[in-house]
Each structure stands twice: as C-alpha cells, then as structure tokens.
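Peer 1: generate coordinates for the sequence data below:
(one chain, ligands or ions: 1)
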Amino acid sequence: MRCRACNVELSDYEATLKDTQSDGYFDLCLECLTATRQAVFDSELKGDYNVTKEFQSSTEEPEE
Ligand SMILES: [Zn+2]
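Peer 2: Numbering: from 1, shown residues only. As a prediction, this is how the structure comes out:
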C-alpha cells in the first residue's frame, strides 16, 4: 500500500492507521498525516477566530 498523497510505500504501522471519526483508513504516510492534521488544526483555529469575531460584531450591532 502506498501513500495517497506522496506515493511513498507505507509501513505496516502507517497502513493500519484509521480515522476514528469515519472509521476509514487514512492511507497516508506519517509525514502527510501530520501535515493533514496540522491543516485541520489550523482551520479549527480560524473557525474559532471567526466565531469570536462574529460574536463581537453581533454585540456591537444587535439584530433585534
Ligand atoms: Zn505521504
């Protein structure tokens, strides 16, 4: 089995790694998996930031 992203051959350990949410195999090497995780983490941070920003603007300008 090979990494879906960079096509490197996966180790036995990498090939058994599963996404706990979808229960599917990642089929990614640890390097790509870490990069993916970081991207998700970054987008979650941005999400929190947007929520905070929306909350602040809605207190400034109440819709009702
Ligand atoms: Zn990879």
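Peer 1: now the residue most central in space within the chain: phi and psi?
Peer 2: The centroid of the chain falls nearest to V40 when counting by Cα atoms, centre = their mean (2.3 Å). With angles defined as degrees, to the nearest 10, V40 sits at phi -60, psi -40.
Peer 1: could you check how far the residue nearest to L10 when sequence neighbours are not counted is from the ion?
Peer 2: If the residues on either side of it in the chain are set aside, L10 comes closest to M1, at 4.9 Å by Cβ to Cβ, 6 or more residues apart in numbering. In this view, the C-beta of every residue, glycine as well, is placed from N, C-alpha and C. Distance of M1 to the ion, given as Cβ to the ion, to the nearest Å: 11 Å.
Peer 1: so M1 touches L28, yeah?
Peer 2: No. With contact defined as Cβ atoms under 8 Å, M1 and L28 do not form a contacting pair (10.3 Å).
Peer 1: mind listing the shared neighbours of these two?
Peer 2: Any residue near both M1 and L28 by Cβ atoms under 8 Å, 6 or more residues apart in numbering counts here, and that gives L10.
Peer 1: okay, those two: which has more neighbours?
Peer 2: A count of neighbours by other Cβ atoms under 10 Å puts L28 above the other of M1 and L28, at 23 against 12.
Peer 1: quick one: contacts for the closest residue to that one other than its chain neighbours?
Peer 2: Using Cβ to Cβ, 6+ apart and skipping residues adjacent in sequence, the residue nearest L28 is C3, 5.3 Å away. C3 is in contact with 9-10, 14, 27-29, 32, counting by Cβ under 8 Å, 6+ apart.
Peer 1: so which of these sit within helices?
Peer 2: Among these, DSSP state H puts 14, 32 in helices.
Peer 1: in ChimeraX, select just the buried ones from the contacts of C3.
Peer 2: The following ChimeraX line selects those of the contacts of C3 that are buried, judged by 16 or more other Cβ atoms under 10 Å:
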select :10,14,27,28,29,32
